[in-house]
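**Student:** next one to model:
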Amino acid sequence: MTRTGRWRYPLLERGSGWLGGNRFPEKVAAAYILCGVFLLALTERYIHPVFPGYVDDAIYIACTSVILFLIVRSGVNALSAKEAALRESEDRLARILETNAGGIVVFDAKGVITFANHAAEKILSVERSRLIGLRHDDPAWDMTDADGAPIGHEELPVAKVRTTRMPVYDIQFGVRHRAGANVILSVNAAPLLDSSNEMVGTVASFTDITARKKGEDLRIRKLLLAVEQSPSAIVITDLEGNVEYANHRYALMTGCPVKEAIGGKMPHPCLTSSRRLEEMWSAIRSGKACHGEFECTRNGGEAYWESTTMTPIRTAEGEIANLLWVREDITDRKLVEEGLRRSEANYRTVQEKFRQIFEQNEEPLFLFRQGTGEILDANPAAALLYGCDREELRREGVSLFVPPADLHEFRSAIAAVRPGAGLSIDCARHLRKDGVRIVVSIRANSIRTGDEEVVYGSFRDITARIRMEDEAKHHQAQLIHANRMTSLGTIVSGVAHEVNNPNNLIMFNAPMILAAWEDAAPILDAYHRENGDFHLGGLPYSEMRSVVPRLAAGISDASVRIKTIVANLKDYARQEGPRRVAAIDVNDVVRTAIAILNHEIIKATHRFELILEEGLPPVNGSAQQLEQVVINLVNNSLQALPSNRRGLRVSTRNVPDTGEIEVTVEDEGAGMPPDVLARVAEPFFSTRTDSGGLGLGLSICRSIVDKHKGSLSFESEVGSGTRAVIRLPAVGAGAVRDALASRKG
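**Tutor:** Numbers count the residues shown, from 1 in each chain. Here you go, the predicted model:
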């Protein structure tokens, strides 16, 4: 093999010299005959007179020359065949080396490169002509380990092979790419031995694992985040139980800070009984996964129950390297289980008492056969309610007191009661045996009495209550309104739960997307410099280079805004003050709100005006909450516009006489009649219930403005539009009002 990587065949070269060419056997035979003729001539002149017989010698020479010719030709043919086979083998080896996807480099006994294939040239970004002659430990490679730390000469794969005369596998280290970037290689190397088993060089194959290592690092970061945020306490120890890692949940569960846990023993001796310790170490010595539930003590002395699973962490070769401990606080579950055990212990006593309670209860009670509506039993209070005896109720059934028109529906409702699917009827009109109409409320559930599931029904006479309710409907209206306000807390909790779950996912993933982009950006920049601009996501990379970080930051900002809005809803339900109070610029609040609604404004109107008075004094409050108010008011005005030819105006101004800042939203929409205008900010009042309106938007707006010690007023005329005005006290407005009052005085 030459220094440029081309192969040379130093076997029999034909076509040059007397021995070359395709006529070598004939030339050998001719030389032999000439020698024989020369000997015959000498024999005839000097020896023949004494020893006659040169004719026989001539025949002998001719015969042996023919034999010699055949022998030489056979040898030449065999040598040519071997030479052709060797040429073909060497050509095949050269093709294999050149087409191999991995880099292949051959070093001589001194560690100098004598051959490099095309893949090695590509991976290292160095021409083969420059690779040939370089040493394996050339300082220009700037070699490090896979994590970027300097690596010693003895750790290099070629050095290891030369020292041990043994192959090495998957040695990972970094080299400086000739283009400037750092490349991480995975190297396999083996000694080259001659026929006498002497080491004459080293061959090394390698692959570029830079992208794979980055992917592994990203996966490790994801796994670390998942472990840190796990609801279970996770601990990793060595085989002796020395803690190497513990997540935050471990500290919360045990009361031991993570810094204190690192380097300590697992299980923690101050938290664990001697019996539990022995059980744990017995499992550790067995090398198998184990699980158990134990009563433990927190660092402060509080007792609790935990479920612990210990799993060996094995290497790729199957050897146990570490131990993984997953621990969960199951105190609540244990309490429930203890309660269940007590319930089972009391079950028979409860069954015995049930009959007494059933018989002596003052509330009318029925037992129905499950799935049929057939009356199995009724207590004395039930017989008294309907004016008949218990036997009559069992015999006649519900037809005795349910009107015929309602009989089928009532039987079906009772028959449909199953475990987990009860029955609740707030108002049912029945008949007593004497014909008096009564109103009852019914609650029914499936229960077990002995070995049978039955339907247990409670019938309560609410006739007097209904009569009182009919006489005081205006009080009932107030009660309904109060009930709606009470429901607001439940609605807010549901909204917060449903919105926060996907929003938390956005908040978690947006920084990771940005981090991934920052990792990929240097590679894309290098590609851009070498190959020019290219498209990414349908846009030129030169543009996307600055756009993508802004997009990721926008996602994070939007998720923070969602979280703040949900918090505002909770604040409204709890009637609390603003969470973050600071001096804010009202113009900035309005600009932000308009920017959020820009798309909707463009669709709804071609005549939008924004008039902001400069130099406004600041107001104290929450910018996020005031943005929500402006967004709601502008959004309502946009929905009121009958066409995009109608206008919308938003303006701000300072009112020095009152020390207030005014924000006005005026539209040329449909307007509102006086009765609607009077209730426009009332909770749950909406003129768009058919399109999903809840009637909470303006109510929340008024609540927010009230918390900011301001006011929200509306003026409207049917066909002309609506004008909403927010008035907020400016910073120092109290002093202004005092001054005005003193002037008037």
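**Student:** number of nearby residues for residue 714?
**Tutor:** 17 (other CB atoms under 10 Å). For the C-beta atoms, the positions are set from N, CA and C on the backbone; glycine is no exception.
**Student:** please begin residue numbering at 52 from this point
**Tutor:** Noted, 52 is the first residue going forward, which turns the last one into residue 765.
**Student:** summarise which helices and strands the one helix or strand it maps to is packed against.
**Tutor:** According to DSSP states H and E, residue 765 maps onto strand 762-768. Packed against strand 762-768 by the contact rule (3 or more CB pairs under 8 Å, 6 or more residues apart in numbering; DSSP states H and E) you find helix 748-758, strand 772-780.
**Student:** out of these, which is closest to residue 170?
**Tutor:** For residue 170, the closest of these is helix 748-758, at 65.8 Å, according to CB to CB.
**Student:** relative to strand 772-780, how tilted is that closest one?
**Tutor:** 20 degrees (axes from the mean of the first three to the mean of the last three CA atoms, to 10 degrees).
**Student:** so for helix 748-758, mean pLDDT?
**Tutor:** Across helix 748-758, pLDDT averages out at 82.
**Student:** same deal with stretch 481-496?
**Tutor:** 91.
**Student:** now the residue lying closest to residue 675 once chain neighbours are set aside: which helix or strand?
**Tutor:** For residue 675, ignoring the flanking residues on the chain, the nearest one in space by CB to CB, 6 or more residues apart in numbering is residue 615 at 4.5 Å. Assessed by DSSP H and E, residue 615 sits inside helix 592-625.
**Student:** for that helix, packing partners?
**Tutor:** helix 524-582, helix 674-691, helix 748-758.
**Student:** quick one, which of these is packed in tightest?
**Tutor:** Highest mean neighbour count among these (mean count of other CB atoms under 10 Å): helix 674-691, with a mean of 22.
**Student:** tilt between that one and strand 762-768?
**Tutor:** Using the same axes, to 10 degrees: helix 674-691 against strand 762-768 is 10 degrees.
**Student:** show me what the following helix or strand past helix 674-691 is packed up against.
**Tutor:** Using DSSP H and E, the next helix or strand after helix 674-691 towards the C-terminus is strand 698-706. The helices and strands touching strand 698-706, judged by 3+ CB pairs under 8 Å, 6+ apart, are helix 637-647, strand 658-663, helix 674-691, strand 711-718.
**Student:** dump the third one to PDB, keeping only the CA atoms.
**Tutor:** Coordinates of each C-alpha in helix 674-691 appear next as PDB, following Å, rounded to 0.1, in the frame of the first residue of the first chain:
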ATOM      1  CA  ALA A 674     -51.700  45.700  35.300                       C
ATOM      2  CA  GLN A 675     -52.900  42.200  34.400                       C
ATOM      3  CA  GLN A 676     -56.300  42.700  36.100                       C
ATOM      4  CA  LEU A 677     -56.900  46.100  34.400                       C
ATOM      5  CA  GLU A 678     -55.900  44.600  31.000                       C
ATOM      6  CA  GLN A 679     -58.600  42.000  31.600                       C
ATOM      7  CA  VAL A 680     -61.200  44.700  32.200                       C
ATOM      8  CA  VAL A 681     -60.200  46.600  29.000                       C
ATOM      9  CA  ILE A 682     -60.200  43.400  27.000                       C
ATOM     10  CA  ASN A 683     -63.700  42.500  28.200                       C
ATOM     11  CA  LEU A 684     -65.100  45.900  27.400                       C
ATOM     12  CA  VAL A 685     -63.500  46.100  23.900                       C
ATOM     13  CA  ASN A 686     -64.500  42.500  23.100                       C
ATOM     14  CA  ASN A 687     -68.100  43.300  24.100                       C
ATOM     15  CA  SER A 688     -68.100  46.400  21.900                       C
ATOM     16  CA  LEU A 689     -66.700  44.400  18.900                       C
ATOM     17  CA  GLN A 690     -69.500  41.800  19.300                       C
ATOM     18  CA  ALA A 691     -72.100  44.600  19.400                       C
END
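**Student:** distance of the spatially most central residue of the chain from residue 240?
**Tutor:** Residue closest to the average C-alpha location in the chain (CA atoms, centre = their mean): residue 560, at 6.8 Å. As defined by CB to CB, to the nearest Å, residue 560 lies at a distance of 42 Å from residue 240.
**Student:** so where do the strands sit in the stretch 102-251 of the chain?
**Tutor:** For the stretch 102-251 of the chain, the strands defined by DSSP state E, counting those that start in this stretch cover 154-159, 164-167, 195-196, 219-227, 233-244, 250-259.
**Student:** wait, which of those strands is closest to residue 92?
**Tutor:** Comparing those by CB to CB, strand 250-259 comes nearest, at 54.3 Å.
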